[in-house]
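K.L.:
A predicted structure for the sequence below; I have some questions about it.
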Amino acid sequence: MKIVISGANNRALLIATSLFEDHDIVLIDKEENLSDDFNKLDIEVVRGNAADIKILKENHLDECDVFIACTESDEANIVACIMMKSVSQARTVCFISQEDYYYSLNAVKNSNFNRDIFADYVIRPEELLTQELFRIITVPSATHVENFAKGKARMLEYPVKETSPIANKKIKECSFPPEILIVGITRNGELFVPSGDTCLEIGDKVIFMGSVKSLDILAANVFREDIKVDKIIIIGGGTVGLLLAQALEEADIKCKIFEINMKRCEYISEILHKSLVINGDGTDFQLLLNEEIEDADVLISVTDNDEKNLLCSLLAKQSGVKKVISRVSKAVNVALFEKVGIDVAVTQNEAAMHEIYNHLIVPNISILATVERGQGEIMELELPENFQQRKIMDLKLPHKAIIAVITRRNRVIIPRGDTMVFPKDNLIIFTMQETSEAIQKYLYNC
């Protein structure tokens, strides 16, 4: 598949890095925007403007299958998609940050009078990141939260601490609520699929999947902590900070927002009704102390600068904030943030990558989430009509993987080894990234 990416930024780098081994990638942008990171990839680079039809035709970019406009300018992305649609049959992805553009484009796309809009998919990464942050905040002890099967199933990632009742126990020796599976463990930065004989060590990050009800019981009985989510501090009043504050207000959770730009403070103060907006720098330690940062249950630093987010987060940890979450623009920095003690580091570009992969690259297979910076995948697939029904224990998958959820019509099943699987069942599977494709092929040919 030939994929053209417009915009040489961190978002484009993640997309290109994820896809270049299996697809022909062409990056187009102006000379001054290109960084050395792209030279490490086996991709073609075209210097110029993606909105220039002459450049598109001269470089045969109009022959592409997928066009992704992901510059930092909404207007440039819109115009580039319009130009590409005018000269090709490519499916187009348009990245949008501004709320009015995003909702207007989706309104037109979903209307009866004009379905042939210039963008096949409109993605707003800030909204995807906000949803992820909200899930993490509302499940205090977890470091990663994902919902599946229309909210009826969930994945939670918990760290094993010295005080945990499951520390230094084998999985088969632990008493968990029904409808729960341990699908993965991250140990010293390496993810693997465990067995019943795997011992849970202090420092492990354990990935559970199961029904929402059972995971709520797990959180209350096994990972209970004295964390009440009543007071939230948000560093950065940009798009993500504002969206998150609005979501928290709807959940009746108090928050303070620190924003350095006075005009921006005035703007978000008019929109928010319960939150306290403070004009100040989140890296000003004295200001944070004056605002009693130590009493916060959670601090989230969501400026658009990784260095500032790291500094704010470290100051919060030093002050004794119970849980610190930081936005990371560069995916390669996630490991660094976690290594220095930040509880959760998230990047909005990974969520956007999932959307592209699901809708355009492998539309019959949905990658619902990735784990540990892409080491593991949670994928969803529907078994074909000619699939021969059998028990899960008789599937004999070619690699280690765990079928965590089965959706059968409107019923959600958390399976065991003796659970039967039937044609047209919808499976949610946890596996390692390098074995994902082999497992897909095996199940389709069973």
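P.N.:
Sure, I can see it.
K.L.:
List of residues touching stretch 409-418?
P.N.:
By CB atoms under 8 Å, 6 or more residues apart in numbering, the surrounding residues in contact with stretch 409-418 are 149, 152-153, 178-181, 209-211, 214, 391-393, 403-407, 419, 421. All C-beta spots, glycine's among them, are computed from the backbone N, C-alpha and C.
K.L.:
In ChimeraX, how would I select the buried members of these?
P.N.:
When burial is assessed using 16 or more other CB atoms under 10 Å, the buried subset of the contacts of stretch 409-418 is captured in ChimeraX by this command:
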select :149,152,153,179,180,181,209,210,211,214,392,403,404,405,406,407,421
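K.L.:
Take the contacts of stretch 409-418 and keep only those in strands.
P.N.:
Using DSSP state E, 153, 180-181, 209-211, 391, 403-407, 421 are the members of the contacts of stretch 409-418 that sit in strands.
K.L.:
Tabulate those (TSV), appending pLDDT and distance to residue 428.
P.N.:
Formatted as TSV, these follow (pLDDT from 0 to 100; distance: CB to CB, whole Å):
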residue	pLDDT	distance to residue 428
153	89	7
180	92	14
181	94	11
209	94	8
210	92	11
211	90	12
391	94	18
403	95	8
404	94	5
405	94	4
406	95	8
407	92	8
421	95	12
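K.L.:
from those residues, which single one is nearest residue 342?
P.N.:
For these, the closest approach to residue 342 (CB to CB) belongs to residue 209, at 24.6 Å.
K.L.:
who touches that closest one in this structure?
P.N.:
For residue 209, counting by CB under 8 Å, 6+ apart, the contacting residues are 153-156, 180-181, 183, 378, 402, 404-405, 414, 428, 430.
K.L.:
swap in residue 350?
P.N.:
Taking CB under 8 Å, 6+ apart, we find residue 350 in contact with 14, 331, 370, 374.
K.L.:
go again using 10 Å as the cut-off
P.N.:
14, 18, 125, 128-129, 132, 328, 331, 334, 369-370, 373-374 (CB atoms under 10 Å, 6 or more residues apart in numbering).
K.L.:
And for residue 45?
P.N.:
The neighbourhood of residue 45, defined by CB under 10 Å, 6+ apart, consists of 8, 25, 26, 27, 28, 29, 31, 34, 38, 39.
K.L.:
beta partners of it?
P.N.:
residue 27 (DSSP bridges).
K.L.:
Quick one, grab the pLDDT at it.
P.N.:
At residue 45, the pLDDT value in this model is 93.
K.L.:
for residue 13, same thing?
P.N.:
For residue 13, the predicted pLDDT is 91.
K.L.:
separation between it and residue 250?
P.N.:
34 Å (CB to CB, to the nearest Å).
K.L.:
now do residue 162
P.N.:
From residue 162 to residue 250 the distance is 37 Å (CB to CB).
K.L.:
Poorly predicted segments of the chain, please.
P.N.:
107-116, 224-228, 358-359, 361-365 (pLDDT under 70).
K.L.:
Where does the record place the domain boundaries for it?
P.N.:
Using automatic domain parsing, the domain ranges for the chain come out as 2-123, 145-221, 231-350, 363-445.
K.L.:
Nearest approach to residue 138 belongs to which of those?
P.N.:
Set against residue 138 and scored by CB to CB, these come closest in domain 231-350, at 7.0 Å.
K.L.:
all strands of the stretch 101-250 of the chain, in order?
P.N.:
Applying DSSP state E, counting those that start in this stretch to the stretch 101-250 of the chain gives strands spanning 121-123, 144-148, 153-159, 169-170, 180-187, 190-192, 199-200, 205-211, 231-235.
K.L.:
which parts of stretch 47-62 are buried?
P.N.:
Of the residues in stretch 47-62, 48, 49, 50, 51, 55, 56, 59, 61, 62 count as buried by neighbour count, 16+ other CB under 10 Å.
K.L.:
how about the helices of the stretch 51-200 of the chain, start to end?
P.N.:
Assigned by DSSP state H, counting those that start in this stretch, the helices in the stretch 51-200 of the chain fall at 53-58, 74-87, 99-109, 125-138.
K.L.:
ok now the third one, how far from the chain's centre?
P.N.:
Taking CA atoms, centre = their mean, to the nearest Å, the mean C-alpha location of helix 99-109 is offset from the chain mean by 22 Å.
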